[in-house]
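Enquirer: Quick one: sequence plus predicted model below, questions after.
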Amino acid sequence: MTVRLAAILLGAVMLVGGHATAVSGFPTGLWVEAEGPNRTLDDLARLERMVLRAADARLTDLYLQVYRGGRSWYASSLADDTPYRQAVNRQGYDPLQFVLNVAHSKRLRVHAWMNLYNLGKHRDGPLQARLGPAAVTRDNRGRSLLDYHNFRPPGDEAKSVALDTPGYWLDPGDPQVQGTLAALIQELVSRYPTLDGVHLDFIRYPYAVPTVPGSRYSNGLDFGYGERSVARFAEETGLSALVAKGDSATAQRWDDWRREQIGRFLRQLRHRVKELRRGLILSAALLPWPDRAYQSAYQDWRLWLEEGLLDYGIVMNYNRDTHLARYLSRQAVQFRGRSKLFIGLGAYILLDQPDLLVRQIRDAKEQGADGIVLFSYDNMLKRDRFLEQLSAILRR
């Protein structure tokens, strides 16, 4: 059934020159979760079914989640590759290599989707042990996320403030974190020479909800105050990040410094992986609100696209509000820069409203997006009727 979804949504597709491309020049991707409701990567038959459905639907790209929480669904000497070893022991297959083989036989591209700085609920593992507790970020009160309770700050603050995405977050300004994650990605690219792309997720700082636009505001939480990051900032600037909330000039320097940490990591990573594989596609999932991304998550993706640090920028425009979705798509396309700009759409929240998903896809195309990616395969399997409804709507 999922096969029909993409075909319905995206129209006719053909294969050109050995690569999957839409007739309209509109590539269409699908995010496939490692631990979603279907647990697709845990079973060989489910994996094969997913690829064949995507091929029958004539999709162009699969974004296969193979690293999250410090664990990998591929062979790794750095991450906890228990999921990979379990697949080998249980059914004798390497999940990533299997998908590469089958997908390429069907002319589908495969991108290895990796959750970078967010470790989820996993405190332990070889990567966490290698980095040590100091690598977990701290808030502007000096508290490590390891000391939070259920990922909420201690005391009464927990009643009114929460992390936007719960989990233990590594500190992006920590040089040990940067080096380890770069090595992890280089290992992946080296071990899987037919991989088409690497897709980076959670390549940002965490932020609190309600949000604060930068460190100068003392009445909110922001992050990145890891011991090694604070020490590096002091060494490079002669300033203390710990006084930023009382000094607007220091706050600006500190906020800029944090943004630059992720930009620097991305520049170095791009250089290294392109040396290993010139044609590799480097992409990232991006927050859909560019100002919030810039001010609160220190994810300056407009600059990344401007500089061409990404081949594909994929804006996660997950919305029930179709007017807002159109506005965000229109805004995102304006910042395409030297990269391609894709719109990620949240099919998972529109299972009962397929007409709205159709409208959002059409809006993304009309606004000039270079393609779309749908989230997610596992969630689409929840509603069989969803696909029939989409088909009926688009045939009117």
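Expert: Ah, there it is. Numbers count the residues shown, from 1 in each chain.
Enquirer: Low-confidence regions, this protein specifically.
Expert: By pLDDT under 70, the low-scoring segments of the chain are 1-25, 218, 385-396.
Enquirer: Could the C-alpha coordinates of stretch 67-87 be exported in CSV?
Expert: Provided in CSV are the C-alpha atoms of stretch 67-87 (Å, rounded to 0.1, in the frame of the first residue of the first chain):
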residue,chain,number,x,y,z
TYR,A,67,22.8,5.6,13.8
ARG,A,68,21.0,6.9,16.8
GLY,A,69,21.6,7.1,20.6
GLY,A,70,25.2,6.0,20.1
ARG,A,71,24.1,2.8,18.5
SER,A,72,24.5,1.7,14.9
TRP,A,73,22.7,-0.6,12.5
TYR,A,74,26.0,-1.0,10.5
ALA,A,75,29.4,-2.4,11.4
SER,A,76,31.3,0.1,13.6
SER,A,77,34.3,0.0,15.9
LEU,A,78,33.3,3.4,17.5
ALA,A,79,29.5,3.1,18.1
ASP,A,80,27.6,0.4,19.9
ASP,A,81,26.8,-1.8,16.9
THR,A,82,24.7,-4.3,18.9
PRO,A,83,21.7,-3.7,16.5
TYR,A,84,24.0,-4.6,13.6
ARG,A,85,25.4,-7.7,15.3
GLN,A,86,21.9,-8.8,16.3
ALA,A,87,20.8,-8.6,12.7
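Enquirer: Begin at 46 from now on, thanks
Expert: Renumbered: residue one is now 46, and that last one reads stretch 112-132.
Enquirer: Name the residues of it that are buried.
Expert: Counting neighbours by 16 or more other Cβ atoms under 10 Å, one finds that the buried residues in stretch 112-132 are 112-121, 123-126, 128-129, 132. The C-beta positions use only the backbone N, C-alpha and C, and glycine is treated the same way.
Enquirer: Kindly report the same for stretch 236-249.
Expert: If you call a residue buried by 16+ other Cβ under 10 Å, then stretch 236-249 has these buried ones: 237, 240, 241, 242, 243, 244, 245, 246, 247, 248, 249.
Enquirer: ok, the second one - contacts?
Expert: Residues counted as contacts of residue 240 (Cβ atoms under 8 Å, 6 or more residues apart in numbering) are 141, 145, 155, 156, 157, 233, 234, 322, 325.
Enquirer: circling back: quick one: which of the buried residues of stretch 112-132 sit in strands?
Expert: When those are checked against strands using DSSP state E, the ones located there are 112, 113, 116, 117.
Enquirer: The stretch 196-345 of the chain: helices as residue ranges?
Expert: The residue ranges that make up the helices of the stretch 196-345 of the chain, judged by DSSP state H, counting those that start in this stretch, are 220-236, 272-282, 293-321, 335-340.
Enquirer: Would you tell me which of these gets closest to residue 419?
Expert: Go through those one by one with Cβ to Cβ and the one that ends up closest to residue 419 is helix 335-340, at 21.4 Å.
Enquirer: hmm, back to that, what is the nearest of the ones in strands among the buried residues of stretch 112-132 to residue 375?
Expert: Minimum distance to residue 375 across these is 31.3 Å, recorded for residue 113 (Cβ to Cβ).
Enquirer: Find the nearest non-adjacent residue to that closest one, please.
Expert: With Cβ to Cβ, 6 or more residues apart in numbering as the criterion, residue 113 has its nearest non-adjacent residue at 4.1 Å, and that residue is residue 160.
Enquirer: Next, the distance between the ends of stretch 259-268.
Expert: In terms of Cα to Cα, to the nearest Å, the two terminal residues of stretch 259-268 are separated by 10 Å.
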